[in-house]
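Undergrad: model the structure of this input:
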Amino acid sequence: MPPPLAVASALQARGHEILFVSDEANRAAAEALELNFQPWRQAPNRLTLGDGDDPLRDWKPRLPPAVVKAVCKGVIGGPAGAYAADATALIGSFAPDVVVSNELLFGVMMAAEAAGLPLALLTSNVWCFPTRADQPPFGPGFAPAQNAFELRRETVARRLIAGWYDVALGDLNKARAGLGLAPLQRALDQLAAADQILLGVSQAFDYEAQEPPKPFSYVGPLGRRPAWAETTEADAMLIDDRRRNILVSFSTTHQGQSATVRRVVRALTRIDAHAIITLGPALAGLHLPAASNITVVEQADHDRLVPLCDLIICHGGHGTVLRPLSHGKPVVVIPTGRDQPDNAARVAFAKVGVRLPRWAGTRRIRKAVRDVLADSAYGRAAARLATKLAADNVGPIRAVEALEAMANVDGSTAGALRRAG
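TA: Numbers count the residues shown, from 1 in each chain. Reported below is the predicted structural model:
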């Protein structure tokens, strides 16, 4: 949730009126920034970030078509009518000049379309649909094509994956009919309603992409330190000055990562290094095997710890993997789902770390950790990438200026831009 919060907060600081709509679980973070907050009323509304309140459960191991079907049922299609109803009501009461939506909320997109409002999609990760011809399709974790066979493979994969989303077509067209909109031919055609797609990622990280096709634009990484991660003097004391330090972090939201973290802990017990495991809200209270070289804490400030560590082991979420790379630190990535396999593919492409499958066993994890610690080439590659990432890391200003342009205002026009989504 931090990236859209960063943009919303920056817009408000420039004098624009903001309505931030999200799950109740994000209320505290939004209100800490003094943002006007509204939860979903009819649409799914998570009260916590834990397993028990996760309506999607897309982290369960499944074949790719089943993963897409679950996402369509849980977010894109199944509740599209409810999201559209909530967004339509809020548009009516708040009268925004621009609607900014997460890329999965097709119901919000169609509400903006029906209202005739400018629509921007703001991502917190690499683009998750197979609609960019200049990039490998999201999902398989392909590196950029280097020959005719790989180009053909990308084309076939894009067509195949796009077809999986059509399982949502009935729900989407039912919701559109309720808004007086024409039916879609394909589910992903709804994305055409977006006037701008703002990619909250570093262009350097995204396979060092060239200028993307319209309506895409890179606005740089937008991650912020999670609100729950308080900084204390004790954070620095977690570092062991006598040996190498490894930070282990597997997300703030539940993704079925408990078994993976336990295997990582077992792997690290036989590594000559000190490991710091941060549980976060998703793994709070998790019992892990005890070891003399491992310290387990509920939370810590990664911005303080990462520069002091030699290696970071993580699930590969965009914000989690960008933090160490921004500090020139190599990573071992064990994806559990979502955008993580594609982030891991970018890690491997840049040679800044090692990617492992979710089912990697203790020995394989231990070998990957030893390999990265022993080979300084990973650290040098991470340092080179860090220099490029620094040029992209300009905060939310690119997104803010793009949204102001959509509303035909600038930072000197206080109160003219309103944001819902």
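
Undergrad: contacts and neighbour counts: CA atoms only from here.
TA: Will do.

Undergrad: need phi/psi at residue 355.
TA: phi -110, psi 140 (degrees, to the nearest 10).

Undergrad: how confident was the prediction at it?
TA: On pLDDT, residue 355 comes in at 96.

Undergrad: got the contact list for residue 297?
TA: Residue 297 makes contacts with 276, 277, 278, 279, as judged by CA atoms under 8 Å, 6 or more residues apart in numbering.

Undergrad: residue 13 and residue 29, how far apart?
TA: Taking CA to CA, to the nearest Å as the measure, residue 13 falls 16 Å from residue 29.

Undergrad: to clarify, my last question referred to residue 192.
TA: Distance of residue 192 to residue 29, given as CA to CA: 31 Å.

Undergrad: residue 13 and residue 29: which is more packed in?
TA: Ranked by neighbour count (other CA atoms under 10 Å), residue 13 and residue 29 place residue 29 first, with 18 against 12.

Undergrad: which SSE is the more buried one in?
TA: For residue 29, the enclosing helix or strand under DSSP states H and E is helix 27-32.

Undergrad: now that helix: mean pLDDT?
TA: 93.

Undergrad: strands along the stretch 251-400 of the chain, start to end?
TA: Remark: strands assigned in the stretch 251-400 of the chain by DSSP state E, counting those that start in this stretch are 274-278, 294-297, 311-314, 331-333, 353-355.

Undergrad: tell me the most buried of those?
TA: Across the strands of the stretch 251-400 of the chain, averaging neighbours per residue (mean count of other CA atoms under 10 Å) puts strand 331-333 on top, at a mean of 30.

Undergrad: now for that one, which elements pack on it?
TA: Packing partners of strand 331-333 (3 or more CA pairs under 8 Å, 6 or more residues apart in numbering; DSSP states H and E): strand 311-314, helix 318-326, strand 353-355, helix 362-374.

Undergrad: identify the residues contacting that strand?
TA: Contacts of strand 331-333 (CA under 8 Å, 6+ apart): 311-316, 321, 324-325, 344, 347, 352-356, 368-369, 372.

Undergrad: show me how far it is from its chain's centre.
TA: With CA atoms, centre = their mean, to the nearest Å as the basis, strand 331-333 stands 16 Å off its chain's centre.

Undergrad: partner strands of that strand, parallel or antiparallel?
TA: Here strand 331-333 is paired, per DSSP bridges, with strand 311-314 (parallel), strand 353-355 (parallel).

Undergrad: can you list the contacts of residue 297 in JSON lines and add distance to residue 166?
TA: As requested, these are exported to JSON lines (distance: CA to CA, whole Å):
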{"residue": "276", "distance to residue 166": "44"}
{"residue": "277", "distance to residue 166": "41"}
{"residue": "278", "distance to residue 166": "39"}
{"residue": "279", "distance to residue 166": "37"}
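
Undergrad: so which of these comes closest to residue 162?
TA: Lowest distance from residue 162 to the contacts of residue 297 (CA to CA) belongs to residue 279, with 35.4 Å.

Undergrad: quick check: closest non-adjacent residue to the closest one.
TA: Spatially, and ignoring its direct neighbours in sequence, residue 279 is nearest to residue 298 (4.9 Å; CA to CA, 6 or more residues apart in numbering).

Undergrad: then residue 343?
TA: With CA to CA, 6+ apart, the residue lying closest to residue 343 is residue 316, at 6.0 Å.

Undergrad: how deep is the closest residue to residue 262 other than its chain neighbours tucked in, by neighbour count?
TA: Counting by CA to CA, 6+ apart, residue 262 lies nearest to residue 288, which is 6.2 Å off, once chain neighbours are set aside. The burial count assigned to residue 288 is 15, neighbours taken as other CA under 10 Å.

Undergrad: one more: residue 300?
TA: By other CA under 10 Å, the residues close to residue 300 number 22.

Undergrad: kindly report the same for the one 5 residues further on.
TA: Number of residues near residue 305 (other CA under 10 Å) recorded here: 19.
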